[in-house]
Structure formats: C-alpha cells, structure tokens
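Q: Pasting the sequence and the predicted coordinates here, then a few questions.
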Amino acid sequence: MAELRLDPVQRRWVITGKRPSLPAALESGVECPFCPGNERFTPPSVYERKGKDGQWEVRVFPDRAPLFRIEGELDRAGEGMFDRMNAVGAHEILVATRRHGVTLAQLSVEEITEIVQVYRDRILDLKRDHRFRYVCLFKVQGRSGPPTQEHSYSQILATPVVPSLVEAEFRWSQFHFRRKERCVFCDIIQQERESARRVVDEAGGFISLCPYAARFPYELWILPIDHASSFEQDLAAEGRAASLAEILKTSLQRIERLSLRLRMVIHSEPNMDAKRPSEDWWSTIREDYHWHIEIVPELEPDLNDFGPEGFYFNPIPAEEAAVVLRALEPAAADPSQE
Ligand SMILES: [Zn+2]
Ligand SMILES: [Zn+2]
Ligand SMILES: [Zn+2]
C-alpha cells in the first residue's frame, strides 16, 4: 500500500510505495478493456451516462491499479520531524466514448458537452467527501501508442492534499490579489485581449491563449472570461458546458494538427468543503483564483527538458505559437464528421 510523504524542504507531496499491478485482463487476449462488451475486465462503474438506446455513452470506474484507495482513514502521522499519511483518495478512469480509436477532439460538440458535464459531476461528487482537499482531472493522449489505436479516456484523482503545482498557483494568485486587489488571471485576460497577440480563440464567454511565459511550445490555456474560481460551479450554469465544449474542441483540433500526443489538465479551486487544517485555509481563494484548462502538445523531440533545476526552455515564444495555432484550421481534418 502506497503512502503520502511530505518533502519538508520543497513542501511537495510524494506518493511512495508499491502500486498494485494491473489484473491479467490485458494478457488474457482482451484487446481493449475500455471497449463496449469488455466491461467485466474493469471494476464496476461508479457513474454511467446512458444514450437513448440505454447503453452507456460515458463510463467512469475506479482504476484497475489505483494509486489511491477509497476506503480507510488517512492516519496522518509524524515520523520524527516528517509527515506521512495513507494514500486515501479516489483514482477513476473516465471512458469518453464507446468508439475505439477516436480522440476527444474528433468527437462532436454534443458529445464533448456530455463529457464536460461528467467531468463537472464527478468533481462535484468527489468534493462531497470531506477527506479530499483537491480533485485533479487530467488526460494524457497518445503516450502508450498512436491515439488511433487507443481508447480515449481521462483520469480523475481525488486527494487528501493539494498537489504542489496547483498550490503554487493558489499561492501566487493570492500574492497578486493582496497587492492589487485584482485576480491575476483576470488581469492576464484583459491585457491579452487588448493586444490580441497571444489570443487564439474567443467564443461563448471563453478565451484561449498562449501564456506569455509558456513552458512548452504551443502550450494553450482556456479560461472563462468572467471571473470564476471553480470549474465545477461555473459549469453548472445553463449552457456553459456547451460553450466550453465548443472552444475545447477547436483548441484540441488545432493542437492535434501539430501532435496527436498531448496532455490536458483542469485547474480549479480546492475542495472548500474539505476538513480544513485551519479556519482561514485558502479562505480568499474565490477572489484570488481563476479556473482554467492547460493543454500541451507533446512534440518530438522533447525540446524543453533543460537541466535538473526546473528551468524550461521553449524555443517558440508564445506570440509566435499563437500565430501558428490561429492559422491551423480546426475544421480541416475531422474524420468523426462522417
Ligand atoms: Zn477500446
Ligand atoms: Zn479572475
Ligand atoms: Zn494552471
């Protein structure tokens, strides 16, 4: 059983220990455990969205080799000066479609709307568990092979700690707000809209842009134009999921013209209903923070791995990347529109 350990110097949580191994389903001749008809090779669904024919369209179930387990107590403990706790949490797999070998970008706006709604509903549901301080939703596409041979899925991690990368965003957003009484992301959006140099799309109350100091070539962020700290609450409003689905599809299509391998993550506020370490734990987050989606294509060769000290090297400045992305016609090659 894995456990969480805190690196007291970098204030970073590390999951350490053995991960359960994948069950033998893969070796038993089943080509894809995510395909319809192969449900018995994965744990029972925790959530299904059914189509008109009564069959699932989107399916969510616990990972077969979860990094976190849902049962049990955290058992926060000190070990001398160190801190540890059990890796209690949720690790879920969200299968986005019945169709094998189709990427998220190739699905219709209606299908992506449903998926975005399931993202929202899973985050809302997991945040009802007071043990979990953060819910992370991400997607890695094409790492284990060409996406045309993969079954599109996303992963959801609900954790008793806030991951260090997003905690750093919370902290520096708070820092900006305390000095200027403005949200740093709202400031970014305002300035980028004025200059328009790094903006790629704007539609339905959302904007996509290449961040000024992009870490990776063609890194793209999608943000709501109106201030909102919580993805799941913002998306609860009528019509929001469909608007997001539209710009998400366009953005992924543009990125896929460069690379079918990509990463995507949703950054949202922490679980404000969690059992908190103190009363004032991220108490100003709703003013300070602004949810967003980060998308990064994985280009060959990997150009940005620069040294061990956390520097990034990106040969393509954001304004040049935006010019390229704007010119890539999203609707051009879309095999799903049969
Ligand atoms: Zn499949
Ligand atoms: Zn804002
Ligand atoms: Zn972020």
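A: Thanks, I have the structure now. Numbers count the residues shown, from 1 in each chain. Ligands and ions are numbered 1, 2, ... in the order given.

Q: Is ligand 2 within reach of stretch 157-169?
A: No: Stretch 157-169 lies out of reach of ligand 2 by C-beta under 5 Å from the ion, never closer than 12.2 Å. From N, CA and C alone the C-beta is placed, and that goes for glycine too.

Q: Which residues outside that stretch are in contact with it?
A: Stretch 157-169 is contacted from outside by 4, 6, 10-13, 67-68, 74, 85, 88-92, 126-127, 129, 131-136, 138, 170, 267, 270, 289, using C-beta atoms under 8 Å, 6 or more residues apart in numbering.

Q: Tell me the gap between that stretch and the middle of its chain.
A: 12 Å (C-alpha atoms, centre = their mean, to the nearest Å).

Q: distance of the residue lying farthest from the centre of the chain from ligand 2?
A: Most distant residue from the mean C-alpha position of the chain: Gly80, 35.1 Å away (C-alpha atoms, centre = their mean). Gly80 sits 41 Å away from ligand 2, taking C-beta to the ion, to the nearest Å as the criterion.

Q: Could I get the phi/psi values of that residue?
A: phi 60, psi -120 (degrees, to the nearest 10).

Q: now swap in Leu157 and tell me
A: Dihedral pair for Leu157: phi -120, psi 120, per degrees, to the nearest 10.

Q: Could you measure from it over to Leu244?
A: 21 Å (C-beta to C-beta, to the nearest Å).

Q: who has more neighbours, those two?
A: With neighbours defined as other C-beta atoms under 10 Å, Leu157 and Leu244 compare such that Leu244 has more, 26 against 21.

Q: Alpha carbons only: can I get stretch 128-141 in CSV?
A: Extracted C-alpha coordinates of stretch 128-141, given in CSV (Å, rounded to 0.1, in the frame of the first residue of the first chain):
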residue,chain,number,x,y,z
ARG,A,128,-18.6,15.8,-1.1
ASP,A,129,-16.1,13.6,0.6
HIS,A,130,-14.6,15.8,3.3
ARG,A,131,-11.3,13.8,3.3
PHE,A,132,-10.4,15.1,-0.1
ARG,A,133,-8.8,18.6,-0.4
TYR,A,134,-8.3,18.5,-4.2
VAL,A,135,-9.8,16.8,-7.3
CYS,A,136,-7.5,16.7,-10.2
LEU,A,137,-8.8,15.9,-13.7
PHE,A,138,-6.3,15.2,-16.5
LYS,A,139,-5.8,13.5,-19.8
VAL,A,140,-2.7,12.0,-21.4
GLN,A,141,-3.3,11.2,-25.0
